[in-house]
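Novice: just to be clear, the model below is a prediction. Sequence and coordinates:
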Amino acid sequence: MAILVCGGAGYIGSHTVYKLLKCNEEAVVIDNLQTGHRAALKSSVRLYEDDIRNAAALEKIFTENEIEAVIHFAANSIVGESVQKPLKYFNNNVYGMQVLLETMEKFGVDKIVFSSSAATYGEPKKIPIEETDTTAPTNPYGESKLIMERMIKWIPNLRYVSLRYFNAAGAIESGEIGESHKIETHLIPLILQVPLGKRDHITIFGDDYPTPDGTCIRDYIHVLDLADAHILALNYLRNGGKSDIFNLGNGTGFSVKEIITAAEKVVGKKIKTEIGTRRAGDPAQLIASSDKAKKILKWTPQFSDVEKIIATAWNWHKNNPEGYKDE
Ligand code: UFG
């Protein structure tokens, strides 16, 4: 039986497919390659280049393969863009989930691991954030992920694990696959564009936040640790685990300035910075409590050192400065 990975050619999806194969699982991928890359998948992986909103395409996959469970990554995920184009997010993310759930129900597939986000919390009331804390998204992206979580909950006979990621970073250590976005908005890859000569400086979005150095604090978690959590969640559901929601983060926060200093150590060069204005919708601090995932899923992140995380990202970016060749 196979695991259907929706969005499996994307950044976190492709690292999870890599881990699934390492665990001798069979993975089938659907990806519309809007933000994913064929080159992020080994040639042995069956890729359906299609959109999850296309019910006929999904039905074909469920007919041609014996699907045991779904891991669902396929979604738009840029916070700023979601504010500009909310309906794009509700259509792709929410309606995509609707079609996927309808197809799963039709074919009697009863397990899903869902890629959710810390963006479901909005501005946190306390740090670290626990799963029981209030969810009040401050942008359409977070709202769409929260709606998707809530949709899953109502489907009879479906068991789910929703994984709320904090800031995914890094790449596989061998450098085979990594993070490659046509329009890059994430801090670590943007910082690394400076030593690569692709960017003159990194702009720090505000240094007047109520944090020790005035810049925003985030919880950076390695993409392979995220991938591991999906496999643990899948096995948890296979073993009869009850539907639940888990945070995935390192539990340690790093400010934008601290990340720049860590990147300078990794690349061995000074990185030019400029102070810019705040970016709309950025909470001052986001740090996860991942105690629940550690306790229940037995998740043990391997990359707690932020320099190590950045080093794996640097290894990918310096060898693939233009990202995947298929862009
Ligand atoms: N930042 C800069 N300069 C830049 C880019 C980012 O200062 O050029 C700052 C941001 O303001 C923020 C921090 O770096 O304070 C991290 O920004 P990212 O864009 O890398 O990540 P976000 O925290 O905004 O969002 C990420 C994911 C979301 C997810 C969220 C959860 O993109 O999908 O983490 O923590 F919801």
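Specialist: Okay, I see it. Numbers count the residues shown, from 1 in each chain.
Novice: in space, what's closest to Ile310 - neighbours in sequence excluded?
Specialist: Val266 (4.7 Å; C-beta to C-beta, 6 or more residues apart in numbering). C-beta: built from backbone N, CA, C; applies to glycine.
Novice: would you tell me which residues of the stretch 101-250 of the chain are close to the ligand?
Specialist: 117-119, 166-167, 185-187, 190, 202-205, 216, 218 (C-beta under 6 Å from any ligand atom).
Novice: near the residue of the stretch 201-327 of the chain at minimum distance from the ligand, how many other residues are there?
Specialist: Using C-beta to the nearest ligand atom, Cys216 is the residue of the stretch 201-327 of the chain that sits closest to the ligand, at 3.0 Å. By other C-beta atoms under 10 Å, the residues close to Cys216 number 25.
Novice: may I ask which helix or strand encompasses the residue nearest to Ile310?
Specialist: Counting by DSSP states H and E, the element that carries Val266 is helix 256-267.
Novice: circling back: distance-wise, check the residue of the stretch 201-327 of the chain closest to the ligand relative to Ile259.
Specialist: Here the criterion is C-beta to C-beta, to the nearest Å. By it, Cys216 lies 10 Å from Ile259.
Novice: so Thr35 touches Ser180, yeah?
Specialist: No - using C-beta atoms under 8 Å, Thr35 is not in contact with Ser180; the gap is 9.1 Å.
Novice: hang on, the earlier thing: pretty sure the residue of the stretch 201-327 of the chain closest to the ligand is touching Asp208, no?
Specialist: No - Cys216 is beyond contact range of Asp208, at 10.6 Å (criterion: C-beta under 8 Å).
Novice: now do the shared contacts for these two.
Specialist: Taking C-beta atoms under 8 Å, 6 or more residues apart in numbering as the contact criterion, no residue touches both Cys216 and Asp208.
Novice: related to what we said a few turns ago, show the contacting residues for the residue nearest to Ile310.
Specialist: Val266 touches Glu307, Ile310, Ala311, Trp314, counting by C-beta under 8 Å, 6+ apart.
Novice: mind listing what's buried along the lowest-mean-pLDDT helix or strand in the chain?
Specialist: Lowest mean confidence among the helices and strands of the chain (mean pLDDT, DSSP states H and E): helix 79-84, at a mean of 91. Residues of helix 79-84 classed as buried under the neighbour-count rule (16 or more other C-beta atoms under 10 Å) are Val79, Glu81, Ser82.
Novice: and the ligand, which of these contact it?
Specialist: Checking those against the ligand (C-beta under 6 Å from any ligand atom), the matches are Val79.
Novice: nearest to the ligand among the buried residues of helix 79-84?
Specialist: For those, the nearest to the ligand is Val79 (5.4 Å; C-beta to the nearest ligand atom).
Novice: if I pick the closest one, what's in contact with it?
Specialist: Contacts of Val79 (C-beta under 8 Å, 6+ apart): Ala119, Asn139, Tyr141, Gly142, Gly281.
Novice: and for Ala229?
Specialist: Leu163, Phe246, Leu248, Ala293, Leu297, Trp299.
Novice: okay, and the fourth one sits in which element?
Specialist: Ala293 belongs to helix 291-296 when elements are defined using DSSP H and E.
Novice: before we move on, the earlier item: moving C-terminal of the helix holding Val266, what's the next helix or strand?
Specialist: strand 273-276.
Novice: neighbouring strands - and their directions - for that next one?
Specialist: Applying DSSP bridges, strand 273-276 is found paired with strand 202-205 (parallel).
Novice: for the strand it pairs with, the distance to its chain's centre please.
Specialist: Using C-alpha atoms, centre = their mean, to the nearest Å, the distance from the centre of strand 202-205 to the centre of the chain it belongs to is 22 Å.
Novice: contacts for it?
Specialist: 187, 190-191, 193-194, 215-216, 256-257, 260, 271-279, 282.
Novice: and that strand, which residues are buried?
Specialist: Ile202, Ile204, Phe205.
Novice: tell me the mean pLDDT for that strand?
Specialist: When pLDDT is averaged over strand 202-205, the result is 98.
Novice: send me it as PDB with only the CA atoms.
Specialist: These are the backbone C-alpha positions of strand 202-205, laid out as PDB (Å, rounded to 0.1, in the frame of the first residue of the first chain):
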ATOM      1  CA  ILE A 202      19.700  41.700   4.100                       C
ATOM      2  CA  THR A 203      17.000  44.100   5.300                       C
ATOM      3  CA  ILE A 204      16.000  43.600   9.000                       C
ATOM      4  CA  PHE A 205      12.300  44.200   9.100                       C
END
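Novice: all good on my end, thank you.
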